[in-house]
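S.K.: Sequence plus predicted model, see below.
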Amino acid sequence: MLIGLTGGIASGKSTVSRMIKSLGLPVIDADVIAREVVEPGTECLKQIVSHFGSEVLDSDGVLKRKKLGEIIFSDQKKRDVLNQIVHPAVRKRMNEQKEHYLASGFQTIVYDIPLLYESNLFHLVEKVLLVYVDEDTQLFRLMERDNINKEAALSRILSQQALIDKKARADAIIDNGGSILETENQLHAILKNWDIPV
Ligand SMILES: CC(C)(COP(=O)(O)OP(=O)(O)OC[C@H]1O[C@@H](n2cnc3c(N)ncnc32)[C@H](O)[C@@H]1O)[C@@H](O)C(=O)NCCC(=O)NCCS
Ligand SMILES: Nc1ncnc2c1ncn2[C@@H]1O[C@H](COP(=O)(O)OP(=O)(O)OP(=O)(O)O)[C@@H](O)[C@H]1O
């Protein structure tokens, strides 16, 4: 079974993804891949520099992620430009990893894709597992984790579809507003319900 793990920024996808990995299931992480495809020397990084200028690079030629984030999270057009550069390379590598896991005999593969809904990637998966928190919790956790102010956190949250609207289209929902243990228990119950042996 191919499962899409999604949510909103700072809703707890990585937290749940770690739990899934510790159960022995393979996870394909779109955020990790999105970092790999913009490493120095890559075609994506060249295109980013040609669109956004060399001020997004540090003196070692490494992408200044915070700087690029400030540019794209407050401007939909610029965000679309970045997505068009990065997303095809991410999808290609996700597919390669899926083939690798299938060839290694795994029956269940989890895709951790923050923008599963926004990028219409439903066709990649058979089930969608949504990690949900309410708006206040999302804002608080994002500000704390990334050490950013309310304005910067809101611009990131508002660049994605509202979490509450994603609920209706999910096959299962983990409410991550409680303790880590409560989240773990919900995950185990969902996997059991889907007959996934762990
Ligand atoms: C703008 C960048 C450089 C900022 O980097 P930074 O290290 O601050 O954030 P990071 O990559 O860890 O992303 C954190 C979260 O932001 C959200 N996010 C990232 N990119 C986007 C985007 N284009 N649109 C909406 N939300 C996004 C996701 O929820 C993600 O989990 C980076 O997010 C990026 O390259 N984004 C474009 C690629 C992308 O869409 N990645 C998401 C998965 S494919
Ligand atoms: N149940 C919980 N209780 C308290 N804090 C939590 C809980 N779950 C996650 N967190 C914290 O909330 C923050 C966001 O979680 P996490 O990084 O897993 O989110 P994410 O959805 O992967 O975010 P992103 O989309 O930015 O990659 C982290 O600092 C994490 O430690």
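M.R.: Ah, there it is. Ligands and ions are numbered 1, 2, ... in the order given.

S.K.: Residue most distant from the centroid, the chain?
M.R.: In the chain, the residue that sits farthest from the middle, by C-alpha atoms, centre = their mean, is residue 59; the gap is 28.2 Å.

S.K.: list the buried ones in the helix or strand containing residue 155?
M.R.: The secondary structure element spanning residue 155 is helix 150-158 (assigned by DSSP states H and E). Within helix 150-158, the residues that qualify as buried are 152, 153, 154, 155, 156, 157, counting by 16 or more other C-beta atoms under 10 Å. C-betas here are computed from N, CA, C, even on glycine.

S.K.: how near is the nearest residue to residue 183 once chain neighbours are set aside to residue 130?
M.R.: Closest residue in space to residue 183, ignoring its immediate chain neighbours: residue 176 at 5.0 Å, by C-beta to C-beta, 6 or more residues apart in numbering. Residue 176 sits at a distance of 10 Å from residue 130 (criterion: C-beta to C-beta, to the nearest Å).

S.K.: show me the contacts for residue 93.
M.R.: Residues in contact with residue 93 (C-beta atoms under 8 Å, 6 or more residues apart in numbering) are 33, 36, 37.

S.K.: what do you get if the cut-off is 7 Å, keeping everything else the same?
M.R.: 33, 37 (C-beta atoms under 7 Å, 6 or more residues apart in numbering).

S.K.: Quick one: name the residues of the chain near ligand 1.
M.R.: Along the chain, the residues adjacent to ligand 1 under the rule C-beta under 6 Å from any ligand atom are 9, 30-31, 34, 65-66, 68-69, 72, 79, 82-83, 86, 90, 114-115, 156, 159-160.

S.K.: Tell me the one of the buried residues of helix 150-158 nearest ligand 1?
M.R.: Lowest distance from ligand 1 to the buried residues of helix 150-158 (C-beta to the nearest ligand atom) belongs to residue 156, with 5.9 Å.

S.K.: Now do the strands in the chain.
M.R.: Counting by DSSP state E, the chain has these strands, from start to end: 2-7, 27-29, 109-112, 127-132, 172-175.

S.K.: right, is the shortest one up against ligand 2?
M.R.: No - using C-beta under 6 Å from any ligand atom, strand 27-29 stays clear of ligand 2, with a minimum separation of 9.2 Å.
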